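Chemist: Would you be able to build a 3D model of this:
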Amino acid sequence: SKHMHPFVEILYFVSGDAQYNVEGERKKLKSGDCVLIQPGKFHFAEVNRFVLYERYVLKFPENLFPETIKKKLFAQSPFYRLTQEEINIFKALDNYYSLMNDEDMYIVCISKLLELLALLDNTKQNSIGDEDISVVSKITNYIETHLEDNLNLSKMSEELSYSESYISNCFKKEMHIPIMKYIRSKKIIHAHSMILNGAKPQDVCERLNFNDYSTFYRQYLKVIGVSPSEDK
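Modeler: Sure thing, here's the model as predicted:
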């Protein structure tokens, strides 16, 4: 499915015929590839359903990510080529799963996750995306840096020097989502981070230029799964 979420996701590709898209950067996955997806990054896989698709997926909150490692990894391409040492971490989790209770397994998962992140931080990134869609990348980068503005096609057209129809059509073709729906979801992920850091939901609604609180509330519930006040 085509989506974004407020947590970090790591996908280790084992086998299959799949192409992954993260914010307009594409890669035809090979066995041993890894995808590190930041919170709020729109992504999806195009999968040949006639070929067995096997992968490991780790999902965890951003606050588990050591700050120094996060800063470096988030600044790079989301695609990595795993070393055998890193692959062994995923295999070890399979072995522990059949031996441990849930509480012990949780502790081991945190330990192995931190080990994996440290190894990725110290491994030269030797697997990058096959294609970076330049126009879409310009659009997504612009949106990312103007989330607290009143974003609309007219303003983006003026700032990026593309016509409104070109921006809309190009974005929908490559990202498989209408651009304004994408913007609303990005704003909600940003709102989620602000609320977790202590901001009041009503203040966040105003800062992110939602028309009214009821619209903000409905969008928040749809994307995050809980209301702004419950999240806080």
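
Chemist: Only C-alpha atoms from now on, for both contacts and neighbour counts.
Modeler: OK.

Chemist: residue ranges of the strands in this protein, please?
Modeler: Here the chain has its strands, by DSSP state E, at 8-15, 18-22, 25-28, 33-37, 43-47, 54-60, 79-81, 131-132.

Chemist: mind checking how far the residue positioned nearest the centre of the chain is from residue 229?
Modeler: A centroid search over the chain (C-alpha atoms, centre = their mean) returns residue 41, at 3.2 Å, as the residue closest to the centre. For residue 41, the distance to residue 229 equals 24 Å [C-alpha to C-alpha, to the nearest Å].

Chemist: In stretch 209-218, which residues are buried?
Modeler: By 16 or more other C-alpha atoms under 10 Å, the buried positions in stretch 209-218 come out as 210, 216-217.

Chemist: List the contacts of stretch 136-156.
Modeler: Contact with stretch 136-156 is made by 23-25, 160, 162, 164, 167-168, 170-171, 174, 180, 183, 186-187, 190, 207-209, as judged by C-alpha atoms under 8 Å, 6 or more residues apart in numbering.

Chemist: Let's see which of those residues end up in helices.
Modeler: Members of those lying in helices (criterion: DSSP state H): 160, 164, 167-168, 170-171, 174, 180, 183, 186-187, 190, 207.

Chemist: Export those to a markdown table and append columns for distance to residue 1.
Modeler: Converted to a markdown table, these look like this (distance: C-alpha to C-alpha, whole Å):
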| residue | distance to residue 1 |
| --- | --- |
| 160 | 29 |
| 164 | 27 |
| 167 | 23 |
| 168 | 21 |
| 170 | 20 |
| 171 | 17 |
| 174 | 15 |
| 180 | 18 |
| 183 | 18 |
| 186 | 17 |
| 187 | 20 |
| 190 | 21 |
| 207 | 30 |
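
Chemist: Most neighbours out of those residues, which is it?
Modeler: Within these, residue 187 tops the neighbour count with 27 neighbours, counted by other C-alpha atoms under 10 Å.

Chemist: other SSEs contacting the longest helix seen in the chain?
Modeler: Longest helix in the chain by number of residues (criterion: DSSP H): helix 102-121. Using 3 or more C-alpha pairs under 8 Å, 6 or more residues apart in numbering; DSSP states H and E as the contact definition, the elements that helix 102-121 packs against are helix 67-74, helix 84-97.

Chemist: Turn those helices into TSV, columns for distance to residue 222, mean neighbour count and mean pLDDT.
Modeler: Listed next are the helices and strands packed on helix 102-121 as TSV, based on distance: least, C-alpha to C-alpha, whole Å; neighbours: other C-alpha atoms under 10 Å; pLDDT from 0 to 100:
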stretch	distance to residue 222	mean neighbour count	mean pLDDT
helix 67-74	26	13	90
helix 84-97	32	14	93
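
Chemist: Let me have those helices in JSON lines, adding distance to residue 11 as columns.
Modeler: Putting the helices and strands packed on helix 102-121 into JSON lines (distance: least, C-alpha to C-alpha, whole Å) gives the following:
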{"stretch": "helix 67-74", "distance to residue 11": "15"}
{"stretch": "helix 84-97", "distance to residue 11": "10"}
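
Chemist: hang on, the earlier thing: would you turn the strands of the chain into JSON lines with mean pLDDT, mean neighbour count and distance to residue 140?
Modeler: As requested, the strands of the chain are exported to JSON lines (pLDDT from 0 to 100; neighbours: other C-alpha atoms under 10 Å; distance: least, C-alpha to C-alpha, whole Å):
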{"stretch": "strand 8-15", "mean pLDDT": "96", "mean neighbour count": "19", "distance to residue 140": "19"}
{"stretch": "strand 18-22", "mean pLDDT": "93", "mean neighbour count": "20", "distance to residue 140": "11"}
{"stretch": "strand 25-28", "mean pLDDT": "90", "mean neighbour count": "20", "distance to residue 140": "11"}
{"stretch": "strand 33-37", "mean pLDDT": "96", "mean neighbour count": "23", "distance to residue 140": "15"}
{"stretch": "strand 43-47", "mean pLDDT": "94", "mean neighbour count": "16", "distance to residue 140": "12"}
{"stretch": "strand 54-60", "mean pLDDT": "95", "mean neighbour count": "13", "distance to residue 140": "23"}
{"stretch": "strand 79-81", "mean pLDDT": "93", "mean neighbour count": "23", "distance to residue 140": "18"}
{"stretch": "strand 131-132", "mean pLDDT": "55", "mean neighbour count": "14", "distance to residue 140": "12"}
